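K.L.:
no sequence for this one, just the structure:
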């Protein structure tokens, strides 16, 4: 049999084969658009915090990573909002996406239910009625997600994303709507408009539950519920209408309203802080004037409000423990910053951190307002958690400062995650790319330390073991019990 002849391919054939493969690959990318397979087109994830090994070296845990699907060509990610157990992202193609996440440590009452989707799971994606307009930051409630666009507010069911209702007004969508309790607060050019989360609920039942502090006890009769004391009749809560209502804000609302205790808090463009708190008979309005434009949305921790201004003010204002008729928001302390503030206040433990623009980052005590440190590292603060302050520096890198002294600790490349997602709510660090890739990281928690036995415990262990292993003695004369108030010789004090 003649030997087989091996023929080498001609160089022209190799060139045509390479061009054909490149054309096929380009066609597949153009059809699919941005997606999980196009992550490498945005940049390598190695060396960024999206890499689990890099995150572990930085003391972080990568909770989840996801690529938002179905982004149309030329469309980008716009807003990402974190809520209790859910993250809502809006894109410029008019879609709203909900992502399952772990419950926030800021709300320990929220617990993940057995059988719930894993963190990082895309729950739903829904288009709004008018695609193409800018979607404001979403408001996340217990049962509803509210999204503002142009002159409309859309109420979407939190579990499924199905549209429950739509309200349209020529002055709406000045800032993102907020879902607080049973109400949706949507800023507009003239003030604030309030909508009911569920416009079909019975207002009488809601008013009765609010007046009595909760629902009727199981087994209570209707006659018992309808026979309150005379003094309770005077203090009965006024039934509130479920129709849209306009609220006088004292100015143009600058940012998305935030919850404060059982009510709502907003800040105007000229620095007026206003909160509405429910009482037994009505709503009470409390105000405080910062006297300068705010540098960002106010930060709330329990009953405390932390606010910074563009004129270099930093203040802590508290809600009174008891709401009397003459009660107002109380100034706890005020500090003069070295320069104008460029960001909101980030609060972690007893430390308040604020950006001063080109003058760096400054930290103050949350209890007293005392100056702690100032760093020359300038940038946009995105999160404070663990013992780190995370920021996008002026060079275009992700840097961290130690929260105790302000010294720079880490410097990382951003890779594709060039969108700064500011998280004032908790200690999570959220990173996102314009193509829709989102990463959630949290500080690594130390394992609970095991109980160390003391000398007394070690001394009692052999005695307990001996008493357990010893054979029972025959019944003899009963031992006399020590008199009351006396301690036996073998008894521990």
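P.N.:
Happy to help now that I have it. Small disclaimer: the values here were computed from a predicted structure and weren't measured. Numbers count the residues shown, from 1 in each chain.

K.L.:
Do you have the helices of the stretch 201-350 of the chain handy? List them.
P.N.:
203-212, 222-225, 230-234 (DSSP state H, counting those that start in this stretch).

K.L.:
Where among those is average confidence lowest?
P.N.:
Ranked by mean pLDDT, the helices of the stretch 201-350 of the chain end with helix 222-225 at the bottom, a mean of 36.

K.L.:
Go through stretch 415-430 and flag the buried ones.
P.N.:
For stretch 415-430, burial by neighbour count (16 or more other C-beta atoms under 10 Å) applies to 415-417, 419-430. Every C-beta, even on glycine, is put in place using the N, C-alpha and C of the backbone.

K.L.:
same question, stretch 313-325
P.N.:
Within stretch 313-325, the residues that count as buried by 16+ other C-beta under 10 Å are 313, 314, 315, 316, 317, 319, 323.

K.L.:
Could you report the distance from the nearest residue to residue 431 once chain neighbours are set aside to residue 429?
P.N.:
The spatially closest residue to residue 431, leaving aside those adjacent along the chain, is residue 417, at 3.9 Å (C-beta to C-beta, 6 or more residues apart in numbering). With distances taken as C-beta to C-beta, to the nearest Å, residue 417 is found 10 Å from residue 429.

K.L.:
who touches both of those two?
P.N.:
Taking C-beta atoms under 8 Å, 6 or more residues apart in numbering as the contact rule, the neighbours common to residue 417 and residue 429 are residue 49.

K.L.:
Pick the one among the buried residues of stretch 313-325 closest to residue 117.
P.N.:
Residue 117 lies nearest to residue 319 out of the buried residues of stretch 313-325, by C-beta to C-beta, at 36.1 Å.

K.L.:
In contact with the closest one, which residues?
P.N.:
Listed by C-beta under 8 Å, 6+ apart, the contact set of residue 319 reads 260, 261, 275, 277, 286, 303, 304, 305, 329, 330.

K.L.:
give me phi/psi at it?
P.N.:
When read as degrees, to the nearest 10, the backbone of residue 319 gives phi -80, psi 130.

K.L.:
about what we covered before: the residue nearest to residue 431 and residue 77, how far apart?
P.N.:
Using C-beta to C-beta, residue 417 is found at 11 Å from residue 77.

K.L.:
Also residue 372?
P.N.:
35 Å.

K.L.:
higher neighbour count, those two?
P.N.:
residue 77 (21 against 16; other C-beta atoms under 10 Å).

K.L.:
and the more buried one, what pLDDT?
P.N.:
What the model reports for residue 77 is a pLDDT of 90.

K.L.:
Apart from its neighbours in sequence, what residue is nearest it?
P.N.:
residue 436 (5.0 Å).

K.L.:
tell me which of the buried residues of stretch 313-325 is nearest to residue 166?
P.N.:
Set against residue 166, the nearest of the buried residues of stretch 313-325 by C-beta to C-beta is residue 319 (33.6 Å).

K.L.:
How confident was the prediction at the closest one?
P.N.:
On pLDDT, residue 319 comes in at 96.

K.L.:
what is the mean pLDDT for the helix or strand hosting residue 66?
P.N.:
Assigned by DSSP states H and E, residue 66 belongs to strand 60-67. For strand 60-67, the mean per-residue pLDDT is 94.

K.L.:
Contacts for it, please.
P.N.:
So strand 60-67 is contacted by 34-36, 39, 49-50, 52, 55, 99, 101-102, 118-122, 386, 428-429, 435-444 (C-beta under 8 Å, 6+ apart).

K.L.:
And stretch 278-290, by the same measure?
P.N.:
210-211, 235-238, 250, 262-263, 267, 271-277, 305, 307, 309, 313, 315, 317, 319-320, 323, 327-329, 331.

K.L.:
Now it: buried residues?
P.N.:
Those would be 278, 286, 288, 290, for stretch 278-290 by 16+ other C-beta under 10 Å.

K.L.:
try stretch 293-300
P.N.:
Using 16+ other C-beta under 10 Å as the test for burial, stretch 293-300 gives 294, 295, 296, 297, 298, 299, 300.

K.L.:
neighbouring contacts of that stretch?
P.N.:
Residues outside stretch 293-300 that contact it (C-beta under 8 Å, 6+ apart) are 254-256, 258-260, 265, 267, 269-271, 273, 305-311, 340-347, 354, 424.

K.L.:
Can you flag which of those residues belong to strands?
P.N.:
Mapping the contacts of stretch 293-300 onto strands (DSSP state E) picks out 258-260, 265, 267, 273, 305-308, 346-347, 354.

K.L.:
closest to residue 398 among these?
P.N.:
Distance to residue 398, by C-beta to C-beta, is smallest for residue 346 among the ones in strands among the contacts of stretch 293-300, at 15.7 Å.

K.L.:
For that closest one, which residues count as its bridge partners?
P.N.:
residue 353 (DSSP bridges).

K.L.:
residue contacts, it?
P.N.:
Neighbour list for residue 346: 299, 352, 353, 354, 381, 383, 384, 389, 424 [criterion: C-beta under 8 Å, 6+ apart].

K.L.:
and the gap between the last one and residue 294?
P.N.:
Using C-beta to C-beta, one obtains 13 Å as the distance from residue 424 to residue 294.

K.L.:
Also the fourth one?
P.N.:
From residue 354 over to residue 294 the distance is 12 Å, taken as C-beta to C-beta.

K.L.:
follow-up on the earlier one: list the contacts of the residue nearest to residue 77.
P.N.:
34, 67, 68, 69, 71, 76, 77, 89, 91.
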